[in-house]
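Visitor: one predicted model, sequence on top.
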Amino acid sequence: MGWFKRLKDGIQTATRNKKEAPEGLWYKCKRCKETSTMKELRENSYKCPHCNYHVRIGSYDYFDLIFDGNFDLMFEEFRSKDHLNFVDLKSYPERLASAYKKTGLTDAITVAQGKVNRRPLVIAAMDFQFIGGSMGSVVGERIARAIDHCRETRTPFMIISKTGGARMMESAFSLMQMAKTSAKLSTLAKAGVPYFSFMTDPTTGGVTASFAMLGDINFAEPEALIGFAGPRVIKETIKKDLPEGFQTSEFVLENGFLDFIVDRKDLKDRISDLLQLFEK
Amino acid sequence: MVFLEFEKPLEKLYEQLEKIQQVAEEGDLDMSDSIKELENKIRATRKEIYSNLTGWERVQLSRHPERPYTLYYIREMSRKFVELHGDRNFKDDKAIVGGIANLDGQTVVIIGHQKGVNTKMRQYRNFGMANPEGYRKALRLMKLAERFNYPVVCLIDTPGAYPGIEAEERGQSEAIARNLIEMAQLKVPIVCAVIGEGASGGAIGIGLGDRVFMLENTWYSVISPESCSSILWRSWDYKEQAAEALKLTAEDMLSFGIIDDIIKEPTGGAHANPEEMSKILKRQLKKAIAELQEMDTEERIEARINKYANIGVYDVVTE
């Protein structure tokens, strides 16, 4: 008891609350079941030291991994709104309240600007912990504003996707964010400002079918689930078992929809290389 | 005739009518007064039923087996139509059709989801669920339209993009995403109309336009009521509630500013009078095309992008 659990509850560090990376002293790998210390895990870019499993982490963890120290948050002022009075088993405001409490985040995407080996970059990173990383109006608006900012300042833009897709509680508004973000990206492309799309586990649904697949460069973490329809839906539709490795990053790379897969320890260097190459 | 659940009162009246007509015929009796009375009753009942439809009832109507589909509309609206096939890359998708047509003197490229009219054809059309090559065929035709400066018309009627193994292998998500970014910048006018079901990415994959309309008894949503029920209620039994919660009717979409107008259907729905429906649709499409052709190309693209940029509801907090 207690070995793999956080013993002290309610550690009040604002940023730490916002991190998805596991806490405590020990980490037991979800895949190989081997145990390592949290320190080893952290020093290994939140990958299992035994099997290289990329543990799911959050937006702030990625900012720490990619930016040179400091970064500034952008467009934090937007909050989701229950325009449809949506109620399923829970009401949408209840779902939002518990998401705010659980994550300390203000929505399923966080935008920050910072430097990567002294080169500027704006990153919009999604958090799966916030209602499944779902895309609603706030996600769309933050991306749209980030694109405008990047176009006006000619700063390269990157989105880190981690999502189950659209936010059902915003129904058609959520669907329209696919059109909105894609239309905005078309202006960035026209202006010749590079956009990098980085897909992490999982990237599915309406997000994959809009901004995630539209990068000038599309890349992903190893073994991430990437697809349009979720595996369960496909299985139910075709009533057959799915082949091994279906919808993994490696599968998507093999089928020609990714430029490369990057190990998390090389992530910053690779982004830095891209920024340097796209500079001229 | 096919009667939906909420049309049961109508079905009874029609049965009565048939009986009376039979009696009149067999007995060589003049029953024209009773027949007339019943016909009036049918008209009044239909009007009453159709003036108070719930979200779920509209979903059922949008799926009515006798409802007209894309190719019907194209043939009714256009005296000349040449269907064009294939994405020039993999194959010809049967769930999205398209071609070059003439709307009263104006050449247009029309693209739309296509459902089958009988069991065999429904399978052939994959129930209107397109694979990536369908979206790529659509894009090829839009680029053709752009090259020759023809407006594009997209008719939307799909329960969703096909969720299959091969669809994933061939990049279903990339195909839809590519259409969205390309349609945003297309140099010619794009007019879209939801003529049946407007489900999710499969619908918007040919649904980004300068003007977006919905026929009166159609729906547009991020997910079908059935799938929504299965995910959020963890059971298939809450589709009616899901349909209400999703606010997916044409009236809802217009009030949200997501669509530009509702196209009225004849009483009893599009299937009750498909010729009339085609005329109404054609009138609206022509009007929109004419308006859009007045605009300067760059101005039109900018307005299109701004339209989508403005869709979203959120609060702004000041701290």
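Guide: The structure has been received and is ready for your questions. Residues are numbered from 1 along each chain as shown, chains lettered A, B, ... in the order given.
Visitor: past the longest helix seen in chain A, which element shows up next along the chain?
Guide: In chain A, assigned by DSSP state H, the helix with the most residues is helix A:171-191. Using DSSP states H and E, the helix or strand that follows helix A:171-191 towards the C-terminus is strand A:195-203.
Visitor: any idea how far the helix or strand following that following strand is from the chain center?
Guide: The helix or strand immediately downstream of strand A:195-203 is strand A:217-220, counting by DSSP H and E. With C-alpha atoms, centre = their mean, to the nearest Å as the basis, strand A:217-220 stands 13 Å off its chain's centre.
Visitor: re the thing from before, check whether the longest helix of chain A contacts chain B.
Guide: Yes: against chain B, helix A:171-191 shows contacts by C-beta under 8 Å from any C-beta of the partner chain at A:171-180, A:182-187, A:189-190. Yep, even glycine has a C-beta here, placed from its N, CA and C like the rest.
Visitor: quick check on those: which are buried?
Guide: Buried members of the residues of helix A:171-191 next to chain B, scored by 16 or more other C-beta atoms under 10 Å in any protein chain shown, are A:171-180, A:182-187, A:189.
Visitor: picking that back up, can you show me the CA trace of the longest helix of chain A as CSV?
Guide: Output of helix A:171-191 as CSV, limited to C-alpha atoms (Å, rounded to 0.1, in the frame of the first residue of the first chain):
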residue,chain,number,x,y,z
SER,A,171,-22.4,19.8,-30.8
ALA,A,172,-22.2,21.7,-34.1
PHE,A,173,-20.1,24.4,-32.6
SER,A,174,-17.5,21.8,-31.9
LEU,A,175,-17.8,20.4,-35.4
MET,A,176,-17.3,23.9,-36.9
GLN,A,177,-14.0,24.3,-35.1
MET,A,178,-12.6,21.8,-37.7
ALA,A,179,-13.5,24.3,-40.4
LYS,A,180,-12.4,27.3,-38.3
THR,A,181,-8.9,26.0,-37.5
SER,A,182,-8.4,24.6,-41.0
ALA,A,183,-9.5,27.9,-42.6
LYS,A,184,-7.2,29.8,-40.3
LEU,A,185,-4.3,27.5,-41.1
SER,A,186,-4.8,28.2,-44.8
THR,A,187,-3.9,31.8,-44.0
LEU,A,188,-0.7,30.8,-42.3
ALA,A,189,0.2,28.6,-45.2
LYS,A,190,-0.5,31.4,-47.6
ALA,A,191,1.8,33.7,-45.5
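Visitor: now do it and strand A:195-203, the angle between them.
Guide: Orientation check (axes from the mean of the first three to the mean of the last three C-alpha atoms, to 10 degrees): helix A:171-191 against strand A:195-203 gives 150 degrees.
Visitor: mind checking how far A:Ser98 is from chain B?
Guide: Taking C-beta to the nearest C-beta, to the nearest Å as the measure, A:Ser98 falls 15 Å from chain B.
Visitor: part of a strand, is that residue?
Guide: No: using DSSP: H, G, I helix; E, B strand; the rest coil, the assignment for A:Ser98 is helix, not a strand.
Visitor: who's in contact with it?
Guide: Neighbouring residues of A:Ser98 by C-beta atoms under 8 Å, 6 or more residues apart in numbering or on different chains: there are none.
Visitor: apply 10 Å and report the result again.
Guide: For A:Ser98, the contact set (C-beta atoms under 10 Å, 6 or more residues apart in numbering or on different chains) comprises A:Lys90, A:Ile131.
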